[in-house]
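Trainee: Predicted model follows, preceded by the sequence.
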Amino acid sequence: MNRNEKPRYLLPSLVAIAVLALFLWWANGNLDNYKIQVLNLIAINSILALSLNLIYGFTGMFSLGHAGFMAIGAYVSSLLILPQVQKDMIYIIQPLVWPFSVMQAPFFIAVLAGGIAAALLGLLIAMPVLRLGGDYLGIATLGFAEIIRVVFTNITPITNGALGLKGIPDYANIWWNYGWCLLTLFFMIRIANSNFGNVLRAIRDDEIAARAMGINTFKYRVVSFSIGAFFAGIGGALMASLITTIDPKMFSFLLTFNVLMIVVAGGLGSLTGSVLGSAVITILLEWLRFVENPIDIGSFHLEGIPGMRMVIFSLLLILIILFRREGIMGMRELSWDAFLRRFPRGGENR
Amino acid sequence: MLKIEDLHVYYGGIHALKGLSLEVAEGQIVTLIGANGAGKSSTLRSISGLVKNKKGKIIFEGQNILGKSPEALVSAGIAMCPEGRRILPHLTVMENLMLGAYIRNDREGIGKDLGWVFELFPRLKERTWQKGGTLSGGEQQMLALGRALMSRPKLLMLDEPSLGLAPLLVKEVFEIIRTINAEGKTVLLVEQNAFAALKVANYAYVLEVGEIVLEGTGEALIQDPKVKEAYLGG
């Protein structure tokens, strides 16, 4: 049923991608670096939010391990793209061990490797942990993310310990980030509209019912968790190359929390909601920086208070939870169906 | 068709079924009646593989199926319509039904069974695009029944299908159970509505705290003074 729609919506999708590309091309030439950085963050946050949404929103597994998977992706990909000279320079305490010391790969392969490494670890973690449900799963995955962080702080010959990796080549430009973002979105839409997606929703809504229908729920949960981990790894890899410096401290629970916030604000179980949510929240987080600067209101002079934007942000979140608990989109999606219905004539010509 | 011998089920320290034995003959409607906590649902959940901690023998078509996974049992032809309907609220009626046929991949057969389900429940056909959660209680029960039928079971197990339904709907549900049975499905029915259940049943068992205390044909049990007093309100 959903499959028949594809050719009909190919054209509007291509038009939308072309418009986005045009906008990015314009932005790349005309906006300052700071604004481009925000645009990049929106793309990466979208990838992260989509992957968590698959795990939490679609399959109903409350996972707090995203920072861990991002760390794996970031380190694996960074080690593959760090130039030899840089590798020799930053490993001061202990030299980088073979084979990491000589491995090199093109950026695309490196990011992919980061995703695959995260997915493999996700698979490994999933086996014992996914036997748990609900809040217990949240605590267990949170624990795993922390373990990864602590291990990364201590395996100095590979990760350079607390010093982190510096001078990672900044390959992750706007094209790579939005390319990966679109790829993720496309992949997730295909999942959501497939039988596989319906099985995941069935497990989320009622695991007993799903099992009574003969669905091997454990298998599906493991697969969904690993796919989510894969894209979290991709997001981490892109993030590392975007900010060019990573250290274990960066991958703390706060990072997971940010992604969780985007998913919840966008709407659990809504893919377009995740994308909208990451745009809104990323922009809001940056825009709210003005409250941390000194402000003059008439004759009043307010000193800027560092951290003030997080206070305002938390208040906004509380308001969302009080008045619009399902987030921006709820479980609905922005679809061509709904969009084209507003322009019936244009829709029927296709 | 189904034979249970000396089945024990434990939940933690609780001994929920204490050596239960029963038999379901092919083509019949067999019912299990009993009070809350007697072990009716535990029996069904053990047969469908949802309960792990169990001992004894469950023989389905000559094979011991104790300890098999729910997936394997659905494929073998045992479908359960769980207590409380357990409709998937965010999926459409159609998606709910198609997930019922999850283990099958014979497109033609699925289409045929879908037609049959719509014949049994014309209301579902009108609402294929509606979300499961927006259906009324009665419609949800129809959907749960239809979904269980979509796996083309040989043995259909129903856990409290009349729970929370208006009297008129209860009558309709039992009518449909009779129809399903007439079309060749063996039915194992668990009910608190003892009178209605005994009326449709070929054979019945009365369960009390994990043990079978009485058995007989449906008609015989309706007349039984002990059953009358305990379950049929005197």
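Mentor: Okay, I see it.

Trainee: Show me which residues of chain B are close to chain A?
Mentor: B:48, B:50, B:69-71, B:73-75, B:79-82, B:86-91, B:94-95, B:98-100, B:102-103, B:147, B:151 (Cβ under 8 Å from any Cβ of the partner chain). For glycine as for every other residue, the C-beta is placed from the backbone atoms N, C-alpha and C.

Trainee: same thing but at 6 Å, please
Mentor: Selection of chain B residues close to chain A by Cβ under 6 Å from any Cβ of the partner chain yields B:70-71, B:74, B:80, B:82, B:86, B:88-91, B:95, B:99-100, B:102-103.

Trainee: From those residues, which land in strands?
Mentor: Using DSSP state E, the subset of the residues of chain B next to chain A located in strands is residue B:80.

Trainee: of the residues of chain B next to chain A, closest to residue A:271?
Mentor: residue B:90 (14.3 Å; Cβ to Cβ).

Trainee: Low-confidence regions, chain B specifically.
Mentor: Residue ranges of chain B with pLDDT under 70: B:234.

Trainee: if you set the cut-off to 90 instead, what comes out?
Mentor: Where chain B drops to pLDDT under 90, the residues are B:11-14, B:34-38, B:50-54, B:67, B:82-85, B:105, B:163-164, B:192-193, B:225-234.

Trainee: Could you do the stretch 251-350 of chain A as well?
Mentor: A:254, A:257-258, A:261, A:264-265, A:284-350.

Trainee: Right, and chain B sits closest to which residue of it?
Mentor: residue A:331 (6.2 Å; Cβ to the nearest Cβ).

Trainee: Name the SS class of that residue, please.
Mentor: Following DSSP: H, G, I helix; E, B strand; the rest coil, residue A:331 is assigned to coil.

Trainee: OK, contacts around the residue nearest to it when sequence neighbours are not counted?
Mentor: Of all residues not flanking residue A:331 in the chain, residue A:269 sits nearest, at 4.2 Å (Cβ to Cβ, 6 or more residues apart in numbering or on different chains). Taking Cβ atoms under 6 Å, 6 or more residues apart in numbering or on different chains, we find residue A:269 in contact with A:57-58, A:331.

Trainee: residues from chain A in reach of chain B?
Mentor: So chain A meets chain B at A:198, A:201-202, A:205-206, A:209, A:211-216 (Cβ under 6 Å from any Cβ).

Trainee: Go again with 7 Å.
Mentor: With Cβ under 7 Å from any Cβ of the partner chain as the criterion, chain A meets chain B at residues A:198-199, A:201-202, A:205-206, A:208-209, A:211-216, A:331.

Trainee: Let's see which of those residues end up in helices.
Mentor: Members of those lying in helices (criterion: DSSP state H): A:198-199, A:201-202, A:205, A:208-209, A:211-212.

Trainee: What residues sit buried inside stretch B:53-71?
Mentor: B:54, B:56, B:58, B:60, B:65-66, B:68, B:70-71 (16 or more other Cβ atoms under 10 Å in any protein chain shown).

Trainee: Which ones among the residues you listed lie within strands?
Mentor: Short answer: the buried residues of stretch B:53-71 in strands (DSSP E) are B:54, B:56, B:58, B:60.

Trainee: any idea which residue sits dead centre in chain A?
Mentor: Closest residue to the average C-alpha location of chain A: residue A:48 at 0.7 Å, with Cα atoms, centre = their mean.

Trainee: Which element, helix or strand, includes that one?
Mentor: Secondary structure from DSSP states H and E places residue A:48 in helix A:33-52.

Trainee: What is that helix packed up against?
Mentor: helix A:5-30, helix A:174-192, helix A:217-243, helix A:253-266, helix A:271-287 (3 or more Cβ pairs under 7 Å, 6 or more residues apart in numbering or on different chains; DSSP states H and E).

Trainee: Can you tell me the closest non-neighbouring residue to the residue nearest to the centre of chain A?
Mentor: Closest to residue A:48 by Cβ to Cβ, 6+ apart is residue A:235, at 4.1 Å.

Trainee: State the number of residues packed around the residue in chain A positioned nearest to chain B.
Mentor: When distances are taken as Cβ to the nearest Cβ, chain A reaches nearest to chain B at residue A:214, 3.0 Å away. When neighbours are counted by other Cβ atoms under 10 Å in any protein chain shown, residue A:214 registers 26.

Trainee: Correct me if wrong: it contacts residue B:69.
Mentor: No - Residue A:214 is beyond contact range of residue B:69, at 9.0 Å (criterion: Cβ atoms under 7 Å).

Trainee: quick one on the thing from earlier: any chance of CSV for the ones in strands among the buried residues of stretch B:53-71, columns distance to residue A:109?
Mentor: As requested, these are exported to CSV (distance: Cβ to Cβ, whole Å):
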residue, distance to residue A:109
B:54, 51
B:56, 56
B:58, 53
B:60, 52
